[in-house]
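> heads up, no residue letters with this:
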């Protein structure tokens with residue numbers, strides 16, 4: 001995604017293939033796996049994040065939100081809580097993983 005408006009709060013889910021997902025009949029084809037390719041190099045950082053934090057980061061990409069997150073890693077709960085309380089971020093599950101390549 002490059003625009004926060006492309007994100008929604010109903011992501012495609014992966015199905016284990018055991019049983020039937022809630023609300024789906026056995027005749028429904030489960031979604032396929034979407035694969036993306038790219039190249040990474042030394043010094044790059046990959047960010048894996050859930051939808052609410054991804055949307056917030058894209059909305060605020062001019063302010064380098066990834067740096068704000070890293071700077072507030074020690075007080076993650078209160079930092080995210082403040083963003084949610086102020087309305088800057090949706091109150092949803094919030095997870096972000098930063099992987100630095102070296």
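Now that the structure is in, tell me what you want to look at. Please read all numbers here as calculations on a predicted model, not as lab measurements.

> Tell me how many other residues crowd residue 58.
17 (other C-beta atoms under 10 Å). Every residue, glycine included, has its C-beta placed from N, CA and C.

> and the helix or strand where it lies, what other elements does it pack with?
Here residue 58, judged by DSSP states H and E, is contained in helix 51-59. Judged by 3 or more C-beta pairs under 8 Å, 6 or more residues apart in numbering; DSSP states H and E, helix 51-59 is in contact with helix 65-71.

> List the buried residues in the helix it packs on.
Neighbour-count burial for helix 65-71 flags 65, 66, 69 (criterion: 16 or more other C-beta atoms under 10 Å).

> what's that helix in contact with?
Contact partners of helix 65-71, identified using C-beta atoms under 8 Å, 6 or more residues apart in numbering, comprise 45, 47, 53, 56, 57, 79, 96, 98.

> Between the residues you listed, identify the one with the most neighbours.
Most surrounded of the contacts of helix 65-71: other C-beta under 10 Å gives residue 56, at 23 neighbours.

> where along the chain do the strands fall?
45-49, 96-100 (DSSP state E).

> Low-confidence stretches in the chain?
Applying pLDDT under 70 to the chain picks out residues 1-31.

> Residue 45 and residue 33: what is the separation?
Look at residue 45 and residue 33: by C-beta to C-beta, to the nearest Å, they are 24 Å apart.

> Oh, that last question was meant for residue 65, not what I typed.
Distance of residue 65 to residue 33, given as C-beta to C-beta: 28 Å.

> Check residue 93 too.
Here residue 93 is placed at a distance of 21 Å from residue 33 (C-beta to C-beta).

> just residue 48 next, same as before
16 Å.

> the more surrounded of the two?
Neighbour count, other C-beta under 10 Å: between residue 48 and residue 33, residue 48 has more, with 10 against 7.

> dump the residue contacts of the more buried one.
96, 97, 99.

> switch to 6 Å and redo it
Neighbouring residues of residue 48 by C-beta atoms under 6 Å, 6 or more residues apart in numbering: residue 97.

> need the contacts of helix 65-71 in JSON lines with distance to residue 88, can you?
Output for the contacts of helix 65-71, formatted as JSON lines (distance: C-beta to C-beta, whole Å):
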{"residue": "45", "distance to residue 88": "22"}
{"residue": "47", "distance to residue 88": "18"}
{"residue": "53", "distance to residue 88": "11"}
{"residue": "56", "distance to residue 88": "6"}
{"residue": "57", "distance to residue 88": "11"}
{"residue": "79", "distance to residue 88": "11"}
{"residue": "96", "distance to residue 88": "15"}
{"residue": "98", "distance to residue 88": "20"}
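
> If anything else comes up later, I'll come back, but that's it for now.
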